[in-house]
Every structure is written in structure tokens, then in C-alpha cells.
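S.K.: let's see this in three dimensions:
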Amino acid sequence: MSTNDNVLERSVLQAGKVFIRPDEDIARAYVIQSGEVCAFMIDGDRKIEVDRFGAGTIIGEIGLVFDEKTRLGYEAISVCTVVSITRQDFQKRLARADKTISTVLNQAIKKIMYYENIESQKALKNSEIDDMATTLTKNLLTGLSVDKKLQYEDALLPYINGMIKAIKELKKTKD
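M.R.: Model (predicted):
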């Protein structure tokens, strides 16, 4: 093996650079060494932020194992340094590993895909919620356990959101 086989490509991405687009076939993953990256999805003409990631995070790992399109896009929020690894290089390294490692990795990636889908659906749902409704709900639920917060948030948020929107509409008609 030559020494070049162990060298991974490092890139600097400028703020605002979209380097993975939603529904794109990706065959590489990125390790964020510095800076911040935003995961987003597109719903019609809306760009919805799903999450943010910083140094030490790997994104696009699904593309190393499975030949699937990504659901999320990724954009540099600030100047970022990333190291990329291609599917081909990853598969070569994985072939040298024990089969148990490959099995565990495949299952872990399937779980990541499942949770990524949950987070995407949550972001889509939350994108239609008014910020005031979110703030009011969080204030009402202060002091509750995490389980109770989630339970009550799901129950209250749609109603509080409807109320906030109705108040805003009423205010418009009075102005």
C-alpha cells in the first residue's frame, strides 16, 4: 500500500457553500474539523433547517455504506475545514475488517437513517409553528420532566400555534 492510500482530502468551504444537496447521490462523507454546518431539507420553495453540526461530526456517512440519495442537504454556516472520505476508499478499508464490524456498521447506519427521518419530520412540522407559540409552550412546560415535556408539547403546541395565528389575524383586521 502506498502512503497516498492513507491520505484523506481536506477542503476549506466558505460560508454559504452548499456541498451536499437534498436528493443527491453521494458517495463520500465529511468529517468537520472546524466551523459549523447546517443540515436542511427543501419543502416546496422553503428551505427548512433540521440541525447544525460542528467540529468532530461526520456527515454523509450513509453514502459510505448504502447507494442511496441523501434526504438532507448540507451548507457551511461559517468557514469550515472538512476531511472527505470516498465510498470506494471506505469500502476498501472495510473489506480488510472483520465481517462482524461490517454487520454492526450496517445496522448502525440503518438506525441513523431512521432517526434522521424522525428529525426531518420534526423539523418540517416545527417549520409551520410560529416562534411565539414555541416560546410560550416552552415557558408553560418549564420544570416538567423530559417525558412530560414531550407529551404536553405535542398536545399543546398545535392549539397554542392556532391561537397565536388567530390573534395575529385579528390584529391585522383591527389595524
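S.K.: any buried residues in stretch 52-69, and which?
M.R.: 53, 57, 59-65 (16 or more other C-beta atoms under 10 Å). Yep, even glycine has a C-beta here, placed from its N, CA and C like the rest.
S.K.: low-confidence regions, this structure specifically.
M.R.: 1-6 (pLDDT under 70).
S.K.: the buried residues of stretch 52-69 in strands, which ones?
M.R.: 53, 59 (DSSP state E).
S.K.: closest to residue 13 among the buried residues of stretch 52-69?
M.R.: Distance to residue 13 across those (C-beta to C-beta) is lowest for residue 59, with 11.8 Å.
S.K.: was I right about that closest one contacting residue 30?
M.R.: Yes - if you go by C-beta atoms under 8 Å, residue 59 and residue 30 touch, sitting 5.4 Å apart.
S.K.: so what sits against both of these two?
M.R.: 20, 74 (C-beta atoms under 8 Å, 6 or more residues apart in numbering).
S.K.: could you pull out the helices for the chain?
M.R.: 62-65, 87-95, 99-127, 131-140, 146-174 (DSSP state H).
S.K.: CA atoms only: put stretch 129-148 into PDB for me.
M.R.: The C-alpha trace of stretch 129-148 is given here as PDB (Å, rounded to 0.1, in the frame of the first residue of the first chain):
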ATOM      1  CA  ILE A 129     -45.200  26.600  14.100                       C
ATOM      2  CA  ASP A 130     -45.000  30.300  15.000                       C
ATOM      3  CA  ASP A 131     -41.900  31.200  17.100                       C
ATOM      4  CA  MET A 132     -44.200  32.800  19.700                       C
ATOM      5  CA  ALA A 133     -46.100  29.600  20.100                       C
ATOM      6  CA  THR A 134     -42.900  27.600  20.600                       C
ATOM      7  CA  THR A 135     -41.700  30.100  23.200                       C
ATOM      8  CA  LEU A 136     -45.000  30.200  25.000                       C
ATOM      9  CA  THR A 137     -45.200  26.400  25.100                       C
ATOM     10  CA  LYS A 138     -41.600  26.100  26.400                       C
ATOM     11  CA  ASN A 139     -42.300  28.600  29.100                       C
ATOM     12  CA  LEU A 140     -45.500  26.800  30.200                       C
ATOM     13  CA  LEU A 141     -43.700  23.500  30.400                       C
ATOM     14  CA  THR A 142     -40.700  24.700  32.400                       C
ATOM     15  CA  GLY A 143     -39.900  22.400  35.300                       C
ATOM     16  CA  LEU A 144     -41.500  19.300  33.900                       C
ATOM     17  CA  SER A 145     -39.600  16.100  33.200                       C
ATOM     18  CA  VAL A 146     -38.400  15.500  29.600                       C
ATOM     19  CA  ASP A 147     -41.100  12.800  29.100                       C
ATOM     20  CA  LYS A 148     -43.800  15.000  30.300                       C
END
